[in-house]
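Visitor: sequence and predicted structure below; questions after.
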Amino acid sequence: MARLPHLLVVFALAAGGCNNSSATITGVTPSTAIAVDPLEFLGPVKCGTVSGEMQLYVATLFDDSSHSVLGIDDTKLALPSSPPTGCGVQVLFENVLNGRLYEAAVDGYDRSDITPLAPGSRVMVEATSSGAATGRYVEPRWTTTCGHHPLPPSLRAADGGLKPDAGKIQYADSGLQPDGGYLDCSPVALYGPKKNTPWLGGPVCAMTQETITVRGCDPLSE
């Protein structure tokens, strides 16, 4: 079975920290972070400032790990959303904890006059030229989710589970736990003709001093 020391998709429990910078200062230890990158979800939608193009997006992380310790059963835990961010810039969710699985939701806007209803809110309202909120709700033009599917399409049934004829799933060995996992993170499924291709489009797992990008984005829907 393949050994992938740092290929295990990361997930994180954010303390609400996120920013719009991906730069790392020389000599400074990288932080643990989850990245949402427009290159993963834009597809045929153009990023720009003219009609029909995406101008801003808002990213939200959801905790996909076991929530029994939190007393909320299997309810998805939404973390504070990013501020409206230019579609040419990735968002970094920092101050995350190791060993929690995450997916991301993305809301795209073809306008720039929006502001959060409250800090960390996913709900956007119209903003005046001075940046003050008018209170009028603004619906996103595009939406998608990233890292939502734990299995690749070739192994995935309509309900998201394993196809009846998929056979036994093999997982990449992270070298971190006997079952190939990392704390609460699930191992990465292997697929393809030789079952040696890692599926990196599922929920991601946060690891110490690693910045992991959420992939596996569904096409943007309007």
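Guide: Yep, that arrived. If you're wondering where the values come from, they're calculated on a predicted model, not measured in any experiment. Numbering: from 1, shown residues only.
Visitor: so which residue is dead centre in the protein?
Guide: Note on the chain: the residue nearest the mean C-alpha position is A104, at 3.1 Å, using Cα atoms, centre = their mean.
Visitor: am I right that it is in a helix?
Guide: No. Going by DSSP: H, G, I helix; E, B strand; the rest coil, the assignment for A104 is strand, not a helix.
Visitor: low-confidence stretches in this protein?
Guide: Applying pLDDT under 70 to the chain flags residues 1-30, 66-75, 131-132, 175, 178-181.
Visitor: from A35, how far out is the residue nearest to the centre of the chain?
Guide: A104 is 9 Å from A35, where distance means Cβ to Cβ, to the nearest Å. Every C-beta, even on glycine, is put in place using the N, C-alpha and C of the backbone.
Visitor: who touches both of these two?
Guide: V214 (Cβ atoms under 8 Å, 6 or more residues apart in numbering).
Visitor: okay, now the closest residue to A189 other than its chain neighbours: neighbour count?
Guide: With sequence-adjacent residues excluded and distances taken as Cβ to Cβ, 6 or more residues apart in numbering, A189 is closest to W199, at 4.6 Å. By other Cβ atoms under 10 Å, the residues close to W199 number 24.
Visitor: next up, the contacts around W199.
Guide: Contacts of W199 by Cβ under 8 Å, 6+ apart are 150-152, 188-191.
Visitor: and with 7 Å instead?
Guide: Listed by Cβ atoms under 7 Å, 6 or more residues apart in numbering, the contact set of W199 reads 151-152, 188-189, 191.
Visitor: how about stretch 161-170, which residues are buried there?
Guide: For stretch 161-170, the buried set under the neighbour-count rule, 16 or more other Cβ atoms under 10 Å, comprises 162, 166, 170.
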